[in-house]
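here is the input, now give the coordinates:
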Amino acid sequence: MNTTTTPWEQVRDESLAAMTEAQRADYDEAAIEAEARLQLAELVYDARTNAGLSQTELARRAHTRQSVISAIESGAQAPGGVMLARIAHALGGTLEIQIAA
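Residues are numbered from 1 along each chain as shown. Sure thing, here's the model as predicted:
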């Protein structure tokens, strides 16, 4: 049995090339959102674990539920600025937002 595989990069590039302009705009928008969710997830997870807190304890301090912290850390939920400020305060810090060019 002889099977061949196609590298992911080739499949992605072919799929992107076949998209209409509107489809590509939707794809790019979704990609930006997904990357932001992952960055925020990593930020909250790293800050929480560096502080030595459980999700439950962080949730208690931030006046939310453990399931909310879990959803943020998994990337399933993108926290807004107010929630990020509450998390930062619960960790003994402050929220600073910077746009880097």
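
centre of the chain versus the lengthiest helix in the chain, how much separation?
In the chain, assigned by DSSP state H, the helix with the most residues is helix 21-50. The chain centre lies 4 Å from the centre of helix 21-50; the measure is CA atoms, centre = their mean, to the nearest Å.

that one: what's the following helix or strand?
Note on helix 21-50: by DSSP states H and E, the next helix or strand toward the C-terminus is helix 55-62.

ok now that following helix, how far from the chain's centre?
The chain centroid and the centroid of helix 55-62 are separated by 19 Å under CA atoms, centre = their mean.

which helices and strands sit right next to that helix?
Judged by 3 or more CB pairs under 8 Å, 6 or more residues apart in numbering; DSSP states H and E, helix 55-62 is in contact with helix 66-74, helix 81-90. The way it works is simple: take the backbone N, C-alpha and C, and place the C-beta from them, glycine included.

reformat the ones you listed as TSV; add mean neighbour count, mean pLDDT and distance to residue 22.
Converted to TSV, the helices and strands packed on helix 55-62 look like this (neighbours: other CB atoms under 10 Å; pLDDT from 0 to 100; distance: least, CB to CB, whole Å):
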stretch	mean neighbour count	mean pLDDT	distance to residue 22
helix 66-74	17	97	30
helix 81-90	17	96	30
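
how about CSV for the ones you listed, with distance to residue 26 added?
As requested, those are exported to CSV (distance: least, CB to CB, whole Å):
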stretch, distance to residue 26
helix 66-74, 23
helix 81-90, 25
